[in-house]
Each structure stands twice: as structure tokens, then as C-alpha cells.
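K.L.:
Take this sequence and fold it.
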Amino acid sequence: MLTVQAAPFFHDQIIKALEGYNENGVSFKHTDSAGMDIHFDVTGTDEDPKVIAKAYLKKAAQGVMVSFK
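P.N.:
Numbering: from 1, shown residues only. Now for the predicted structure:
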């Protein structure tokens, strides 16, 4: 499980970016959103999903400010 925190007007952009990610068998599936939190199920990795998501969002969703729980 990965929780991304972002302003609600960025949610659609973040969800679209992470659900489009599929490298080395790693994928993100949006499960729900509540307030500033966006929740994803992560499959295909034992690595910390925050590291993967942060690096990918820097490229795919430029200008979006996020934090991770």
C-alpha cells in the first residue's frame, strides 16, 4: 500500500500517471482517495514503493507537489 498526499486538484493527474506506470512488473492500482490522501495498491516489487513513485512522478507529473506517508 502506498499513500500519496497532494492537493485535491492534482489527484487526477497523479492517479493517471501512477496507474500508467508498468516497468519491471511493478504496477500501481488506485484504491481510494480521502481528503489529501490518494491510496494505491502496489504489486511486483519488494522495494519501497515511495522511491519508485517519487522518481516516476518527477518525470511524468511535472509541477505536481506531493508527499508520501
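
K.L.:
switch to C-alpha atoms for all contacts and neighbour counts from now on
P.N.:
Noted.

K.L.:
Would you mark the buried spots in the helix ranked longest in the chain?
P.N.:
Among the segments of the chain that qualify as a helix by DSSP state H, the longest is helix 49-60. Of the residues in helix 49-60, those scored as buried under the neighbour-count criterion (16 or more other C-alpha atoms under 10 Å) are P49, K50, A53, K54, L57, A60.

K.L.:
Identify the residues contacting the fifth one.
P.N.:
With contact set as C-alpha atoms under 8 Å, 6 or more residues apart in numbering, L57 has these partners: I14, A17, L18, V64.

K.L.:
What about those, which are in helices?
P.N.:
Where the contacts of L57 overlap with helices, as defined by DSSP H, the overlap consists of I14, A17, L18.

K.L.:
so what pLDDT did H39 get?
P.N.:
Among the per-residue scores, H39 shows a pLDDT of 98.

K.L.:
Please consider this matter closed, and thank you.
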